[in-house]
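Engineer: pasting the structure only:
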């Protein structure tokens, strides 16, 4: 709050005062005296998430910044990290080797499987990093889950968005002629990585809201 200017700080204080006043009036309506209502209001736990939502509605610009810091930026970091790891393993495993030394892992079929398995093994860490960045920015549990799963969310949009669009406009009949391949790809590149990402996100999601 110290980073806000005087006008915004006054607005936040007014919003908090109005919230506490509403809670106090509700207790008076239940039959408590003014003094008892004030004491119970101050002693009771305030619904801080709801209060935060009300403050954000009163200050839309602040809410937009929060979404950017808590969802979009950590989500992009998670997406870039997931793709960087895949590119790294791909560059290492598929790097041509001298003819005199070509272990089984060099051959493309086996190499691709090893790349995929190593990539999946690191997806829990990717999900945890993204979710933790959202947590550090004050993101709630829902934001942390979205950020942790962001690479799979983007892949879901591409897989079920671009491919059907190409089917319609580019007359690419591959999906219609090979639905099993389409389903297998969705499982391999969306469902399985999503489960691994969520596994790493769980510990961060269970962490309490910052400042509570």
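Structural biologist: Received it, and whenever you're ready, just let me know what you need. All values derive from a computational prediction rather than experimental measurement.
Engineer: buried sites along stretch 21-28?
Structural biologist: 23-24, 27 (16 or more other C-beta atoms under 10 Å). Heads up, the C-betas are built off the backbone N, CA and C, glycines and all.
Engineer: do stretch 137-156 as well
Structural biologist: For stretch 137-156, a neighbour-count test (16+ other C-beta under 10 Å) marks 137, 139-141, 143-156 as buried.
Engineer: now it: mean pLDDT?
Structural biologist: If you average the pLDDT over stretch 137-156, you get 94.
Engineer: show the end-to-end separation of that stretch, please.
Structural biologist: 26 Å (C-alpha to C-alpha, to the nearest Å).
Engineer: what does that stretch rub up against?
Structural biologist: With C-beta atoms under 8 Å, 6 or more residues apart in numbering as the test, stretch 137-156 has contacts from 49, 66, 69-71, 73-76, 78-79, 82-83, 123, 126-128, 130-131, 133-135, 189-191, 193-194, 197-198, 200-201, 204-205, 209-211.
Engineer: of these, keep whichever come out buried.
Structural biologist: Neighbour-count burial (16+ other C-beta under 10 Å) is assigned, among the contacts of stretch 137-156, to 66, 69-71, 73-75, 78-79, 82, 123, 126-128, 130-131, 133-135, 189-190, 193-194, 197-198, 200-201, 204-205.
Engineer: give the next helix or strand downstream of the longest helix along the chain.
Structural biologist: In the chain, with assignment by DSSP state H, the single longest helix is helix 108-136. On the C-terminal side of helix 108-136, the nearest following helix or strand under DSSP states H and E is helix 141-148.
Engineer: ok, back up a step: what's the angle between the longest helix of the chain and helix 141-148?
Structural biologist: Using axes from the mean of the first three to the mean of the last three C-alpha atoms, to 10 degrees, the inter-axis angle of helix 108-136 relative to helix 141-148 is 150 degrees.
Engineer: helices or strands up against helix 108-136?
Structural biologist: For helix 108-136, the elements it packs on are helix 73-93, helix 141-148, helix 150-169, helix 192-205, judged by 3 or more C-beta pairs under 8 Å, 6 or more residues apart in numbering; DSSP states H and E.
Engineer: could I get those as a markdown table with distance to residue 117?
Structural biologist: Converted to a markdown table, those look like this (distance: least, C-beta to C-beta, whole Å):
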| stretch | distance to residue 117 |
| --- | --- |
| helix 73-93 | 9 |
| helix 141-148 | 21 |
| helix 150-169 | 17 |
| helix 192-205 | 10 |
